[in-house]
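>>> Dropping the sequence and predicted coords here.
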Amino acid sequence: MASSNTITQQQKPERSLSPWQIARRKFLRNKLAMISTVFIIIVTALSFAAPFLAPFLSPLPDVARVNIGSMNIPPNSEHILGTDKSGRDVLTRLFYGGRISLLVGFSATLMVITLGTLVGSIAGFFGGFVDNILMRFTDFVLNFPFLVFVIVLNTILRDTIDGVSVLIIVIGVLSWGGVARLVRSKVLAEKENEYVLAALSIGCSPLKVIRKHLLPNVMSTIIVQATLIFASMIVVESALSYLGFGVPQSVPSWGNMLSSANEPDVLQGKPWIWMPPALVLTCTILSINFIGEGLKDAMNPKSLR
Amino acid sequence: MKKNKSLLWLFALILVLSAFLAACGGDDEEATPADTETETETETETEEEGDGAAEGEPQQGGTLVYGIDAPPEGLFSSAFYGIATDAEVIALFDEPLIDYNENLEPVPNVASWETEDNKVFNFTFEEGVKWHNGEELTVNDWVFALETIADPDYDGPRYTNVQTIEGAEAFRAGEADSISGIEVVSDYEITITFDEARVNNLTNLWAYPLPEAAMGDIPVAEMSASEFVITNPIGIGPFKVDKIVQGESVEFSKNEDYWNGDVNLDKIVLRVVDNSSVVGALQNGDIDMISLQPVSGPEVEPLENVEITTYPGLSYYYVGFKLGKFDNATQTISEELPKYQDKQLRQAMMYALNRQEWVDAFFFGYANVVNAPVPSSHWNSADDSELNTYEYDPEKAMELLDEAGYVDTNDDGFREDPNGEEFVVKFSHYATGNPTFESRAQAITQYFEEVGLKSELEMVEVNLYYDMIEKDDPSIETFFGGWGTGADPDPSGLWKSDQLWNYPRYNNPESDQLLDDALNIDIVGTDQDKRAELYIEWQKIVNEDLPMLYIAELEEIVALNKRVGGIEFDVSGQNNPAEWFVTE
Amino acid sequence: MLKYSIRRLLGMIPMLILISIVVFTLAKLMPGDSLSGEIDPNNTNPEYIAEMREKLGYNDPLPVQYFNWITGFVQGDFGKSTKYKRPVFDVIMEKIPNTLFLGIMSLIITYILAFMMGMYSGRKPYTLGDNAIAGINYIMLAIPSFVAAVFAIYFFAFNLNWFPFGGSVDILVETGSAEYYLSRLHHVLLPALVLGAMSTASYTQFLRNDIIENSRKDFVRTARAKGTPIKKIYNVHILRNSIIPLVTFLGFDFAALIGGAIITETIFTYPGIGMLFLDSVNVRDYPTLMALTMLLSFLTLAGNLIADLLYGIVDPRIRLE
């Protein structure tokens, strides 16, 4: 970035934009992606401001407290989205739930990307024996039925640290295989370029080559992949919590809120309890996907827009 | 350990424990045939008994659809089943030799008995009772059942109900070819001798026969997987099993040769209905009767074609304190834990609980607050007027805490213990997929916090929960629990200081003595009133001592379609299915 | 091709052994056993539980337990379910038809939807219809399947009463009658639709793009020049070429269906393998749990293998790797 800036200052600005700038322009012009971005920013902001907002949202700002006197109240002026079976304000919990769902999604994604990139780039760069071992291991992880193992592992580990961290680690550890494969193939292709050979021949350490030369080139792929993984990680969290195998029930998350739809009377007769998290979750996933697509388009030099 | 568990009743703990929110099926598996007296005796019953469904004369024919909301495990044999839902199925096609009336006293069914000393019992069977395969029921079938259960290869849980027969231990150890306490007099007469005289020998005795002609050739180890348990069970009840679809349905048809009167219905179809579908299925008339979860009650009440019937259950919920540690090797309480030893603290915590509000919120009116650990429908239950009822009184709770020295010394808003150390009530509750468990547990900690006791809630995986409690795991300090008591009202197994299942590790010699006396045939003889007196005395002590905070006893709830008639319930369960009928 | 297939098949064996070790270790690590949740004072006594633990071999050293389990497993003896007290094999076999039925129905639904939408979009790319289909696909892809399931139950089962909301068959129908099969179909439709919609999007988009690409190829031009009707060109010439790569999806669908089935079956309370699996986790029915985990792992593995092999047939270059 820095170098391209100096160049643009010297020359005429419109002409030579860096690939990143081109991408940014394209992205800004993509309406759907922009709306989605705004939506995600709002959801994130509201979620993380939940503790400060809670007192203004309802007379029952404590998300954890069970209020026997105010159970199952349909939406009204006091409780905009009503209250759930434990007498907790749905809107307040929705905001708090976003914190956990987004946090779990983000942390798990970070883990997946880090692990995947690490394994993939090492395998791709060194090739041969290292590649063989690492990819065998990757195959091994990829061949696990994901959901089955997440459920089993999470049941085992749930009580060891706290439920949320365990869930993040478990889904992180079991889902990096795809990224590793992707990064490996990109690195393999990129490695053939002369500049890598040149860097190596002037004595750059392999790690430095990976870090300085290869990774920046596969970065765009990783970023796009990361957004899509982010969305799927949020889904994984909420699906698991819905089934009762995710974060502990005491922690409000969208999945946990949705799990009340397991009870037929709630599903049928009290839609205000489960519909808000369902809708927010769906919109969030959609938005993240739109952003991902937007990024993909924006970073693809061949794309038309 | 003492064998004081009546196995005819399979109750609440499973109900409480069942890993899925669903599994609280019916309460008991006990049919009560010949139990036509529906009147009086206790106030609760007059109110709650009766069907209220179809009126008028019984009609012949028709099919009744019987719903259960959790799939049976599929062990349809009295000797082998493990869970309440299986027992519900069994109750439709089999019946015990000895039954229980609405006071939970044994009454003759197929077998009547005589005894002089509560040690030797002479049983006489009805003649002409036929198994569903056409063989006649004789005392040999009972002997076969008892010997199967006492066999070392037997993998079911009923041995405690046979163990007290003289010679059962020796038989099980392989030292004898038969149980010496069993003496067959004729095909219809049998004498059973117990190893010692006890007041509850009869209620504890295993009273279901097994069809020897059909099952006799099967090695005991393979019996629980045999066709007579899984796919083609045989009983002596008013209906016989036609077809079983594992985990989904069981079809029964009328037993034309039923020994005890006419059978009204042609068929019963038992269907597993998922919890989520129960209300809809009732509304559409897809099912005629089903035991309900308390949570479904309010939804079913408004349905016009369905009537709700309740009857008293035999289980209670409590919040226990860990007062000591149990040494399983010596069967004694080996160590006293200091944290909750102060009786005033426990009483204050009891006053702090608004049990009525809590029960109404989480059991929707289908449970009653209790003040002692004996369900109110037992004959030995103490009346509330004789007990401290601990009405919700936070002021009083705070007073008691102040008195006991639990005051807030560091102004953090919570009380410290008398030594000025931080005091935190650690409360544990089992966790399943059911989110209401967390809510209700948390509501309890909130009550404690309101009187200034800092509280922490820990939800423990249900599969570990009772194991941890049983092993006195240090992480469990106060805990939520439930017990089912069964037909035998003697609480010794859950309360005496030498019992593993005395989870609070309550150690009071006076209490132990009373419980022993009440079972001691030399002290009480066969006089039930005298026993009741001792039990009431005992309840006053535990009501004062509060080794656990008694919360509530559940009611059993049954929804009946209005076209169904002849179904009655009392505390011992449903009446004989032979009397059930449907109108079109 | 044969050599390649054999090599891949043999490659599965160490994988399966590794998975079996992992499965076994995990099962042993799980807190509690099937007996710890079943203490009932009216029903069991502590000696009974201790005795059963001994009988069931819970006290043997771990390698011995593993060896016993795996030798039995290879011979088709999956052990006895601690919950149902019956051979796990039987328990699983009872549920398999339901899951299979659900899986096949959902595949059929996927194919029908994908072909209809894909062919339309492929023939008329960049039109309003194409864009609408792309939009629908996008939403189907993004909505988590369990959310879709919940909404489906709410609208189609509760509010519109079009479908039953759970179970696999109606309560009062005679097994084997026409009504019975209709009822089963009726019950499976909604979950199959939800499950099937999940993978429809990828099929549709693939088909669309492939058709567009193929329609620019020489053989299409030739056919057109010969005067073959456009309809025939699309429905026969192009489609045939586009279906071939599509079959490789089948293998991957396997794996996706497994995960999907666990969720969908649970939400629709459809008694199949997925529900059995969750139930076995909940009640700590280890023999069932381990057998199912192995089975599901094996199916995932097999699915991936099939995908690779099919890919090898479609694109022979792969085999050289």
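That came through fine.

>>> The helix or strand containing B:Tyr447: which residues count as buried?
According to DSSP states H and E, B:Tyr447 maps onto helix B:435-450. Neighbour-count burial for helix B:435-450, counted by 16 or more other C-beta atoms under 10 Å in any protein chain shown, picks out B:435-449. (C-beta placed from N, C-alpha, C; glycine too.)

>>> which residues are contacting that helix?
Residues from elsewhere that reach helix B:435-450 (C-beta atoms under 8 Å, 6 or more residues apart in numbering or on different chains): A:64-66, A:68, A:85-86, A:249-250, A:256, A:259-260, B:21, B:295, B:319, B:349, B:352-354, B:358, B:361-362, B:394, B:414, B:425, B:427, B:429-431, B:455-457, B:459, B:480.

>>> re the thing from before, any idea which of the buried residues of helix B:435-450 is closest to chain C?
Ranked by distance to chain C (C-beta to the nearest C-beta), these are led by B:Phe437 at 13.8 Å.

>>> What's the separation between that closest one and B:Val279?
According to C-beta to C-beta, to the nearest Å, B:Phe437 stands 21 Å off from B:Val279.

>>> ditto for B:Glu357
Distance, B:Glu357 to B:Val279, using C-beta to C-beta: 26 Å.

>>> Could you do A:Cys204 as well?
A:Cys204 is 70 Å from B:Val279, by C-beta to C-beta.

>>> Of those two, which one has the most company?
Per other C-beta atoms under 10 Å in any protein chain shown, whichever of A:Cys204 and B:Val279 has more neighbours is B:Val279, with 22 against 16.

>>> A:Pro264 is in contact with the more buried one, correct?
Yes. Distance between B:Val279 and A:Pro264: 6.4 Å, which falls inside the contact criterion (C-beta atoms under 8 Å).

>>> what touches both of those two?
What both B:Val279 and A:Pro264 touch, as defined by C-beta under 8 Å, 6+ apart, is an empty set.

>>> Buried ones only from the contacts of helix B:435-450, please, as a ChimeraX command.
Buried residues among the contacts of helix B:435-450 (16+ other C-beta under 10 Å), as a ChimeraX selection:
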select /A:66,68,85,86,249,250,256,259,260 /B:21,295,319,349,352,353,354,358,361,362,394,414,425,427,429,430,431,455,457,459,480
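
>>> need the longest helix for chain A.
The residue-count maximum for a helix in chain A (DSSP state H) belongs to helix A:90-126.

>>> Would that one count as contacting chain B?
No. Helix A:90-126 does not reach chain B (C-beta under 8 Å from any C-beta of the partner chain); its nearest approach is 12.1 Å.

>>> ok, then the element right after that helix?
Next element after helix A:90-126 (DSSP H and E): helix A:128-142.

>>> quick one: is that next one near chain C?
Yes. Part of helix A:128-142 sits close enough to chain C to count as contact by C-beta under 8 Å from any C-beta, namely A:Asp139, A:Phe140, A:Leu142.

>>> burial count for the closest residue to the last one other than its chain neighbours?
Distance criterion C-beta to C-beta, 6 or more residues apart in numbering or on different chains; nearest residue to A:Leu142, sequence neighbours excluded, is A:Gly177 at 3.8 Å. By the other C-beta under 10 Å criterion, the neighbourhood of A:Gly177 contains 23 residues.

>>> What about A:Gly177? Give its phi and psi, please.
phi -50, psi -50 (degrees, to the nearest 10).

>>> dump the residue contacts of the residue of the stretch 1-150 of chain A found nearest chain B.
In the stretch 1-150 of chain A, no residue comes nearer to chain B than A:Ser86, which is 3.8 Å away by C-beta to the nearest C-beta. Applying C-beta under 8 Å, 6+ apart, we find A:Ser86 in contact with A:Val66, A:Asn67, A:Met71, B:Pro435, B:Thr436, B:Glu438, B:Ser439, B:Gln442.

>>> And it, how far from chain C?
Distance of A:Ser86 to chain C, given as C-beta to the nearest C-beta, to the nearest Å: 20 Å.

>>> Could you verify that that residue is part of a strand?
No. Counting by DSSP: H, G, I helix; E, B strand; the rest coil, one finds A:Ser86 to be coil, located in no strand.

>>> Could you report the separation of it from B:Gln356?
A:Ser86 is 18 Å from B:Gln356, by C-beta to C-beta.

>>> Now name the helix or strand holding the residue in the stretch 451-584 of chain B that chain C sits nearest to.
The nearest approach of the stretch 451-584 of chain B to chain C comes at B:Asn463, 3.3 Å away (C-beta to the nearest C-beta). Per DSSP H and E, B:Asn463 falls inside helix B:462-470.

>>> could you check whether the next helix or strand after that helix is close to chain A?
Using DSSP H and E, the helix or strand that follows helix B:462-470 in sequence is strand B:478-484. No. Applying C-beta under 8 Å from any C-beta, one finds strand B:478-484 separated from chain A by no less than 14.2 Å.

>>> which parts of strand B:478-484 are buried?
For strand B:478-484, a neighbour-count test (16+ other C-beta under 10 Å) marks B:Thr478, B:Phe479, B:Phe480, B:Gly481, B:Gly482, B:Trp483, B:Gly484 as buried.

>>> same thing with stretch A:118-132?
Applying 16+ other C-beta under 10 Å to stretch A:118-132 flags A:Leu118, A:Val119, A:Gly120, A:Ser121, A:Ile122, A:Ala123, A:Gly124, A:Phe125, A:Asp131 as buried.
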